[in-house]
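>>> Here you go, sequence then predicted model.
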Amino acid sequence: MSKTPIITKSPIIARSGPALRRTLDPFRRARQTIALVPTMGALHAGHLELVRQARRRARRVVVSIFVNPLQFAATEDLGTYPRDLDGDLALADGCGVAHVFAPTVAEMYPEPLLTTVSVADITARFEGASRPEHFAGVATVVAKLFAIAGPCRAYFGEKDFQQLAMVRRMVADLSMPVEVVGCPIVRDHDGLALSSRNVYLSEAQRAAAPVLHRSLLAAAELAAGEADVHVVRGALADGVAAEREAVLDYADLVDAATLQPATSVVPGTQRLLVAARFGTTRLLDNLAV
């Protein structure tokens, strides 16, 4: 493992899977570690922190930029999801990213898919209940990205904690040659978790949105001395519900590995999860207990 990252003047852009593999093969033969940071673009400081984490342990960092239609339902924001490839490339360049994989939808899905990937149980609740098509779409595109990139370390933010748990289980179950690395949530000055969807918030909604983090902190502090899981869940839900701009979707305490709802408070092994709508924008957050 090299401790000295490669810094390039600008990233090498690959538009197809074969092109990315051809680019990476010489470095892999030279036993250089490849890191993959999968994104849907609209890069922000949270993504750039993933890149920084990746560059600490890998000689070559690949950022994928692909708005994946499989993970959007017909009523969701695929058409309006923020896209700024030129801006993303400039940010990637500034962070020393060596390679960008920016395929088209036709490149990733040249024919109607007959094969998809789904992960049972972990995806059944929370985001899976609110967005039934979402996780199969995420698992399928991530499996394709892993197949294209080859053996690598893959970096994901903990903000989408259920997604991270799903990817870890998929990699373990399918014996993929990938080390999945979860990175801490990057937050704004007032605690709001950074997200590409934050740009949708009105001024009033943006001012209200940090209630998610405040409520998580209060519930986690309560959990340190409270054995009754219902009390902890209730405190989290009540904290969010007190904000009139927020419409609570779910608030729960779960096992951090399986995402099964907790039956008792066991500090060090659990995660608080919360989701709420602010107008039409749905935000997620979570915190370790």
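Looks like it arrived, so ask away.
>>> Show me how this structure divides into domains.
The chain breaks down by automatic domain parsing into domains covering 12-183, 196-288.
>>> Let's have those domains in TSV, adding mean neighbour count and distance to Asp190.
Backbone N, C-alpha and C define where each C-beta goes, glycine included. Listed next are those as TSV, based on neighbours: other CB atoms under 10 Å; distance: least, CB to CB, whole Å:
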stretch	mean neighbour count	distance to Asp190
domain 12-183	18	14
domain 196-288	18	5
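>>> Out of those, flag the one nearest His189.
domain 196-288 (9.4 Å; CB to CB).
>>> for the closest one, the distance to its chain's centre please.
Computed by CA atoms, centre = their mean, to the nearest Å, the chain-centroid distance of domain 196-288 equals 17 Å.
>>> Just the endpoints, please. Distance across it?
Taking CA to CA, to the nearest Å, domain 196-288 runs 22 Å from one end to the other.
>>> ok so, going back, okay, the domains of the chain in CSV with distance to His189 next?
Converted to CSV, the domains of the chain look like this (distance: least, CB to CB, whole Å):
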stretch, distance to His189
domain 12-183, 11
domain 196-288, 9
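>>> Let's have these in TSV, adding mean pLDDT.
Shown next, in TSV, are these (pLDDT from 0 to 100):
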stretch	mean pLDDT
domain 12-183	96
domain 196-288	97
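>>> For this protein, which segments are assigned as helices?
For the chain, the helices defined by DSSP state H occupy 17-29, 45-57, 85-94, 105-108, 127-130, 134-149, 161-173, 203-208, 211-223, 229-241.
>>> Send me the third one as PDB with only the CA atoms.
Yep, that's helix 85-94 we're talking about. This file holds the C-alpha atoms of helix 85-94, laid out as PDB (Å, rounded to 0.1, in the frame of the first residue of the first chain):
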ATOM      1  CA  LEU A  85     -20.600  17.900 -15.300                       C
ATOM      2  CA  ASP A  86     -18.200  20.800 -16.000                       C
ATOM      3  CA  GLY A  87     -18.400  21.900 -12.400                       C
ATOM      4  CA  ASP A  88     -17.900  18.400 -11.100                       C
ATOM      5  CA  LEU A  89     -14.800  17.900 -13.300                       C
ATOM      6  CA  ALA A  90     -13.400  21.100 -12.000                       C
ATOM      7  CA  LEU A  91     -13.900  20.000  -8.400                       C
ATOM      8  CA  ALA A  92     -12.500  16.600  -9.100                       C
ATOM      9  CA  ASP A  93      -9.400  18.200 -10.700                       C
ATOM     10  CA  GLY A  94      -8.900  20.400  -7.700                       C
END
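>>> residues in contact with that helix?
9-11, 13, 39, 41-43, 47-48, 51, 63, 65, 100, 102 (CB atoms under 8 Å, 6 or more residues apart in numbering).
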